[in-house]
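Trainee: please work out how this folds:
(chains A, B and C)
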Amino acid sequence: MDTTLLLEWTIKAVILIFILLTGFAYLTLMERKVLARIQVRLGPNRAGPYGLLQPVADGIKLLFKESIIPAKADKVIFVLAPLITVIPALVINAVLPWGRTVTVFGRQVSLYVANINVALLYVMAIASIAVYGVTLAGWSSNNKYALLGGLRSAAQMISYELALGLSLLGPVLLAGSLSLVDIVEAQRRMWYIVYQPLAAVIFFITSVAELNRAPFDLPEAEQELTAGYHTEYSGMKFALFYMAEYVKMITVSALFAVLFLGGYLGPFESQYPWLGPIYLVLKILVGLYVLIWLRATLPRFRYDQLMRLGWKVLFPLALLNVVVTAVIVVLMG
Amino acid sequence: MLWQYVPIAILLVLSTALAVLIVLLDALLGPRKPTFRKLSPYESGMVPIGPGMRRQPVRFYLIAMLFLLFDVEVIFLLPWAVTFRKLGLFGLVEMLVFIAILLVGYIYAWKKGALEWE
Amino acid sequence: MAFMTLFIITGAVAVAAALGLLFARNAVYAALFLVLNMFALAVLYLMLGAPFIAMVQITVYAGAIMVLFLFVIMLLGAEQLKEDGGPIAWQRPLALVLGVALLLEVTYFVFAALGTGVRLLPPPEGFGDPHAVGLTLFQQYLLPFEVTSVLLLVAMVGAIVLVKNGRARAASSSEAGEQ
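Mentor: Below is the predicted model:
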């Protein structure tokens, strides 16, 4: 019993990592294709049919590139920084529910790696670690642009983490639980985006800022900071930062779907639990498309504008949303 | 209780192994031809001016401090939100007092320009 | 048995990280050792059946307080420990005396507890989950909770006064210097 359970957990963890990495590889292709279409170009189409082998080619290229460690860099932390960035990006997905229970070879298997009663707090805890990767990468590079980019990025991430945390409280107040499975199940009657539109918008904006993506991609503002905290990185160490960013995009879209779009719920899901993951993937794809669309459409913020939006607009709005939600919950009984 | 966290530990071990493997492969497969110019800091092709590590502005400290204090507030709100239905009106009043006191600090920070990035 | 092994490993990591913090010559390394120490503590909390506190430990200590530390280290440009300044003269003997006192105290309490023969009961069902923490915090410990907000307020005002007044003084003194 014990060993089969351990085996099941290990298999699920391996499958999760495989899904995230494949998702990362093809998300880069999707981004380039979508951006190209928006700009009336074709995008990568040479490697394989429709450019489907492009991510493989990119990966092989980066693997055989020289990986430079600058002479005056702090070598230990320089190597450690991409690891600290990518490991939390993968581990945070442990609590994502992909569906309910399905039967595989006559065995009841739940479609998540772990269902813990503090899941949402776990997500916040692991997400707060992401600050270290960028700060340390910038600091260890011995490059003033990298250092400034890293610190800017860290200050941006912590500033938006507050409003992000507050926007999570809306669904928690309604569901009365921090477990993501409970939150999804509580949406059987109605998706939370209907009851919590403001929280949904704030969650989405703040998580784009956490991702350091356009229009919040100031840490990588190439005109002023060359490439920000990963200026000095090359080869697979650079690829790890890249990987972390795209895996986080998947995580954010999945969390948005779980908190506001009913996660794995959909028509006939209660009869056929296998439909759960399919619904979730569809909802994730919508989120990813919007993220790419934003990048193609919006210009970058100025840093003081970004800080003002985070502290003076999103934070009070998110707090107001919590109070109003609580009052309504009390009034409704 | 603790067994629920075993799958997370497994995922952590596997992710770490994968990341370390990638860094090792990177060191093994890539060519290695260091030159002085290649190893010096990249400043858009200019000769680097001054040291790479230098003292940073104090406003980063202020942002981190404010974040820490409001983060504690958010953390307190989480168990409150979970138990809210049981606490009812009493819980609402409790939390409104808590938020009101912290709001004084927020308004003070706003008035003093601490939320401004000059 | 597995529990005991896990406890020993986690404890060893915590102690090793604390020692690393003390002996690191670089302030950024010291801060990172402290982060590792926080993680070990979080695992210990988990083992005690307190998942909520464990996650808060990571979010607040590793995710907020240590980021503040890192910013301060970079603000001061104090990464490298200077040899010349050295500690204040009476600091080392005093630290030694206080350290020995603490060690004796801890040893006494451990042996006193062993002598009574009291065994810890396993925590009740649902102990330490967010719901239980919330009920205890907002019913039993209401006053300390509300007082916490005053404490946070004072800290906030203090930080702002330090930064803003310091900057104003620096600006006025530099003006005076130019004249």
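
Trainee: which parts of the stretch 201-333 of chain A sit against chain B?
Mentor: Contact residues, the stretch 201-333 of chain A versus chain B (C-beta under 8 Å from any C-beta of the partner chain): A:226, A:231-232, A:235-237, A:239-240, A:303-304, A:307-308, A:311-312, A:315-316, A:319, A:322-323, A:326-327, A:329-330. Quick note: C-beta positions are derived from backbone N, CA and C, even for glycine.

Trainee: gap between A:Gln196 and A:Ala257?
Mentor: Counting by C-beta to C-beta, to the nearest Å, the gap from A:Gln196 to A:Ala257 is 14 Å.

Trainee: now the helices for chain A?
Mentor: With helices called from DSSP state H, chain A shows them at A:2-38, A:54-63, A:75-91, A:119-140, A:144-175, A:180-185, A:192-195, A:197-210, A:222-225, A:235-260, A:275-297, A:303-308, A:315-332.

Trainee: just checking the fifth one against chain B, any contact.
Mentor: Yes: applying C-beta under 8 Å from any C-beta, one finds that helix A:144-175 is in contact with chain B at A:144-148, A:151, A:154-155, A:158-159, A:161-162, A:165-166, A:169, A:172-173.

Trainee: so where's chain C uncertain?
Mentor: By pLDDT under 70, the weakly predicted segments of chain C are C:78-88, C:117-120, C:166-179.

Trainee: so A:Leu298 touches A:Ala214, yeah?
Mentor: Yes: contact criterion C-beta atoms under 8 Å: A:Leu298 and A:Ala214 qualify, at 6.0 Å.

Trainee: the two - which one has more neighbours?
Mentor: Ranked by neighbour count (other C-beta atoms under 10 Å in any protein chain shown), A:Leu298 and A:Ala214 place A:Ala214 first, with 19 against 12.

Trainee: other SSEs contacting the lowest-mean-pLDDT helix or strand in chain B?
Mentor: In chain B, no helix or strand scores lower on mean pLDDT, DSSP states H and E than helix B:36-39, which sits at a mean of 72. The contact analysis (3 or more C-beta pairs under 8 Å, 6 or more residues apart in numbering or on different chains; DSSP states H and E) places helix B:36-39 against no helix or strand.

Trainee: following it, which helix or strand shows up next?
Mentor: Later in the chain than helix B:36-39, the nearest helix or strand by DSSP states H and E is helix B:59-111.

Trainee: thinking again about what came up before, are any of the residues of the stretch 201-333 of chain A next to chain B buried, and which?
Mentor: Neighbour-count burial (16 or more other C-beta atoms under 10 Å in any protein chain shown) is assigned, among these, to A:226, A:231-232, A:235-237, A:239-240, A:303, A:307-308, A:311, A:315, A:319, A:322, A:326, A:329-330.

Trainee: ok, which of these also contact chain C?
Mentor: Near chain C, judged by C-beta under 8 Å from any C-beta, there are no entries from these.

Trainee: one step back: and A:Gln196 and A:Ala257? Which one has more around it.
Mentor: A:Ala257 (26 against 22).

Trainee: pretty sure the more buried one sits against A:Gly287.
Mentor: Yes: the criterion here is C-beta under 8 Å, and A:Ala257 meets it with A:Gly287 at 6.5 Å.

Trainee: and residue 131, what does it touch?
Mentor: All of this refers to chain A. Residues in contact with A:Val131, defined by C-beta atoms under 8 Å, 6 or more residues apart in numbering or on different chains, are A:154, A:157-158, C:63, C:67.

Trainee: please go with chain C instead
Mentor: So C:His131 contacts A:117, B:79, B:82-83 (C-beta under 8 Å, 6+ apart).

Trainee: distance check, A:Leu120 against chain C.
Mentor: According to C-beta to the nearest C-beta, to the nearest Å, A:Leu120 stands 9 Å off from chain C.

Trainee: now A:Ala318
Mentor: For A:Ala318, the distance to chain C equals 17 Å [C-beta to the nearest C-beta].

Trainee: what sits against that residue?
Mentor: By C-beta under 8 Å, 6+ apart, the residues touching A:Ala318 are A:162-163, A:166-167, A:199, A:202.

Trainee: try A:Val109
Mentor: Counting by C-beta under 8 Å, 6+ apart, A:Val109 has contacts A:8, A:12, A:101-103.

Trainee: most neighbours, which of the residues you listed?
Mentor: A:Lys12 (21 neighbours).

Trainee: how close does that residue get to chain C?
Mentor: In terms of C-beta to the nearest C-beta, A:Lys12 sits 20 Å off from chain C.

Trainee: residue nearest the centroid of the chain?
Mentor: You didn't say which chain, so I picked chain A. For chain A, the residue nearest the mean C-alpha position is A:Lys248 (2.7 Å; C-alpha atoms, centre = their mean).

Trainee: wait, chain C was what I had in mind.
Mentor: When chain C is reduced to its mean C-alpha position, the nearest residue by C-alpha atoms, centre = their mean turns out to be C:Tyr61, at 6.7 Å.
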